[in-house]
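Asker: Dropping a prediction and its sequence here:
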Amino acid sequence: MKVRIVLVSITLGVLIAFCLSGAASAYTETGSVIPIVNVDPSGSLAISGDIDENNVMDFGHMTPGATTTKTLTLDVSANANWQITVTKSQDLTYANTGAAIPSDRFTFTSGAGTPEPPGTPTYSSNTQFGTGTPVVMGGSATESCQVNVVYKLEIPDAQPVGYYSAGSHTYTLIVGQ
């Protein structure tokens with residue numbers, strides 16, 4: 001009986017050691033993955049400056065022959081090269097009579113704010129508002145860049161009296177082109 005107890009003890013010990021070694025019924029298989037991502041062009045554009053809470057830029061009362069300026073600040077962030085264009089829905093027009101202030105009398109000049117944008121962007125100077133008019137070309141990726149847009153309005157000497165509106169000017173930030 002002692003021999004039997006010793007044999008059972010040895011057998012159990014070998015069996016426990018075999019199971020603990022991991023060789024008993026171990027099966028492993030591996031697989032792998034390759035994570036990839038395509039980061040799309042992205043950016044943001046915020047407009048502030050000489051505008052009210054409704055985004056109206058009011059030049060107030062002006063007399064013939066007068067010139068005045070107003071400034072917008074465009075705050076840009078972009079993860080790739082970028083540009084800004086501006087479109088207009090109409091010229092400065094007096095709705096009751098159809099009279100308009102000539103386009104060459106309502107212009108803008110753009111330039112770097114602070115901090116200056118990286119790279120060598122090109123800004124517009126004394127440019128008439130039009131369809132897709134470039135404001136900034138060739139901007140580089142940036143976390144924050146300010147572009148100042150100075151509107152200049154010159155009232156012609158013989159401009160008819162009236163309340164003129166230009167509809168809307170829409171600034172478009174294009175990232176990744």
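Answerer: Perfect, thanks for sending it. Residues are numbered from 1 along each chain as shown.
Asker: show me the contacts for V39.
Answerer: Applying CB atoms under 8 Å, 6 or more residues apart in numbering, we find V39 in contact with N79. For the C-beta atoms, the positions are set from N, CA and C on the backbone; glycine is no exception.
Asker: what are the phi and psi angles of it?
Answerer: phi -80, psi 120 (degrees, to the nearest 10).
Asker: do the same with D104
Answerer: phi -70, psi -10.
Asker: burial measure for the nearest residue to it once chain neighbours are set aside, as a count.
Answerer: Excluding its sequence neighbours, the residue lying closest to D104 (CB to CB, 6 or more residues apart in numbering) is Q128, at 5.8 Å. Other residues lying near Q128 total 15 when counted by other CB atoms under 10 Å.
Asker: got it, and S168?
Answerer: So S168, with other CB under 10 Å, has 11 neighbours.
Asker: contacting residues for the residue lying closest to it once chain neighbours are set aside?
Answerer: Once flanking residues are discounted, S168 sits nearest to S89: 5.0 Å by CB to CB, 6+ apart. By CB under 8 Å, 6+ apart, S89 lies in contact with A166, G167, S168, H169, T170.
Asker: what number of residues lie near the closest residue to V147 other than its chain neighbours?
Answerer: Distances taken as CB to CB, 6+ apart place L74 nearest to V147, at 4.3 Å, with adjacent residues excluded. Residues lying near L74 (other CB under 10 Å) number 22.
Asker: in the helix or strand where T71 lies, what counts as buried?
Answerer: Using DSSP states H and E, the element containing T71 is strand 67-78. Buried positions in strand 67-78, judged by neighbour count with 16 or more other CB atoms under 10 Å: K70, T71, L72, T73, L74, V76, S77, A78.
Asker: Which pair of the residues you listed spans the longest distance?
Answerer: The largest separation in the buried residues of strand 67-78, counting by CB to CB, is between K70 and A78 at 25.3 Å.
Asker: where are the low-confidence patches of this structure?
Answerer: Low-confidence segments of the chain, defined by pLDDT under 70: 1-25, 114-119.
Asker: At which residues are the helices of it located?
Answerer: All helices of the chain, identified by DSSP state H, fall at 2-20.
Asker: Fine by me, thanks again.
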